[in-house]
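S.K.: Just the structure for this:
(one chain, ligands or ions: 2)
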Amino acid sequence: MGALELHAEGIVVRFGGITAVSDVSLDARRSQVLGLIGPNGAGKTTLLNALSGFAPLSAGKVTFGDTDVTTRTPQWRARRGLVRSFQAVRVFEGLTVRENVEVGAVGTGRRRRAARGATVDLLALTGLGRLADRPASSLPAGQQRQLSLARALAARPVFLLLDEPAAGLDEGESEELAAAIRRIPTEFDAGVVLVEHDMSVVMKVCDRIQVLDHGSTIAVGERETIRTDPEVIRAYLGEQSTADGGEVGA
Ligand SMILES: Nc1ncnc2c1ncn2[C@@H]1O[C@H](COP(=O)(O)OP(=O)(O)OP(=O)(O)O)[C@@H](O)[C@H]1O
Ligand SMILES: [Mg+2]
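M.R.: Numbering: from 1, shown residues only. Ligands and ions are numbered 1, 2, ... in the order given. Have a look, this model is predicted:
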């Protein structure tokens with residue numbers, strides 16, 4: 001398979017009188033983590049929804065590899081590997097940790113044996129291997145978040161679109177999650193589009209970053225370029241650094 005990139009051009013999403021996303025283009029590469037950041041209400045979640053088919057476009061085009069997927073349903077896109085993970089995705093509480101991941105792996109048509117093998121790898125990536133036989137409901141929040149990441153990966157995504165996966169986690173938990181996300185392109189051959197407010201996570205895992213403000217892109221580029229971009233600091237990082245007491249992405 002050649003490069004299977006995710007590309008969006010001139011995306012516009014309107015809700016009644018509100019333009020949530022206004023003429024935004026995006027390029028995600030399969031070997032990379034693309035960060036999508038910006039203030040509350042900037043249009044990040046709406047853009048993820050536009051990419052995955054959950055938000056109807058008023059204008060624009062989404063292509064996945066050579067295929068125009070603009071009018072395809074979320075299910076159609078997901079079957080081909082464009083997988084959106086929702087913040088509210090819960091683990092199956094009646095199942096063990098291992099069973100939670102196996103359910104995701106079997107759902108993709110893999111044979112039981114292959115699904116078991118994939119599950120072992122995914123539990124190792126997310127640091128849940130030694131907890132495999134525990135009931136999922138017994139895990140603390142950070143590990144449940146890791147488990148939902150493992151389950152999303154079990155669906156063999158080509159691109160995984162994550163909306164604030166570190167929300168509500170403490171610093172240690174966020175760091176572990178960041179380490180797992182960082183390894184997705186190399187170990188699972190999947191690209192990631194990551195919406196995240198936690199700048200320490202963003203700066204640790206993203207290769208490139210796109211910054212939205214009021215529904216428009218105000219900057220896009222390599223991590224280091226974005227970190228020092230005056231417009232980005234004014235619109236977003238300045239506010240973050242005040243909230244965090246000084247440093248950005250330390
Ligand atoms: N279903 C909807 N109906 C009406 N307005 C919406 C809807 N979804 C989003 N909006 C509006 O679109 C704009 C962008 O919202 P969106 O949720 O995409 O922002 P965001 O960048 O994800 O913000 P946050 O960081 O708070 O999650 C906001 O003004 C929001 O109120
Ligand atoms: Mg959002």
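S.K.: what about the residue lying closest to residue 213 once chain neighbours are set aside, distance to residue 217?
M.R.: With CB to CB, 6 or more residues apart in numbering as the criterion, residue 213 has its nearest non-adjacent residue at 4.6 Å, and that residue is residue 235. Using the backbone N, CA and C atoms, a C-beta is placed for each residue, glycine as well. In this view, residue 235 and residue 217 are 11 Å apart by CB to CB, to the nearest Å.
S.K.: any residues in contact with both of these two?
M.R.: Residues touching both residue 235 and residue 217 (CB atoms under 8 Å, 6 or more residues apart in numbering): residue 211.
S.K.: so who does the residue sitting nearest the centre point of the chain touch?
M.R.: Geometric centre of the chain, nearest residue: residue 162, 2.0 Å, by CA atoms, centre = their mean. Residue 162 sits next to 85, 149, 152, 181, 192-196 when contact means CB under 8 Å, 6+ apart.
S.K.: In a helix, it, correct?
M.R.: No - the assignment for residue 162, made by DSSP: H, G, I helix; E, B strand; the rest coil, is strand rather than a helix.
S.K.: close enough to count as contact, residue 99 and residue 92?
M.R.: Yes - using CB atoms under 8 Å as the test, residue 99 is close enough to residue 92 to be in contact (7.4 Å).
S.K.: list residues touching both of these two?
M.R.: residue 136.
S.K.: so how far does stretch 91-109 reach from one end to the other?
M.R.: 21 Å (CA to CA, to the nearest Å).
S.K.: Buried residues in that stretch, which are they?
M.R.: 91, 96-98, 100-102, 104-106 (16 or more other CB atoms under 10 Å).
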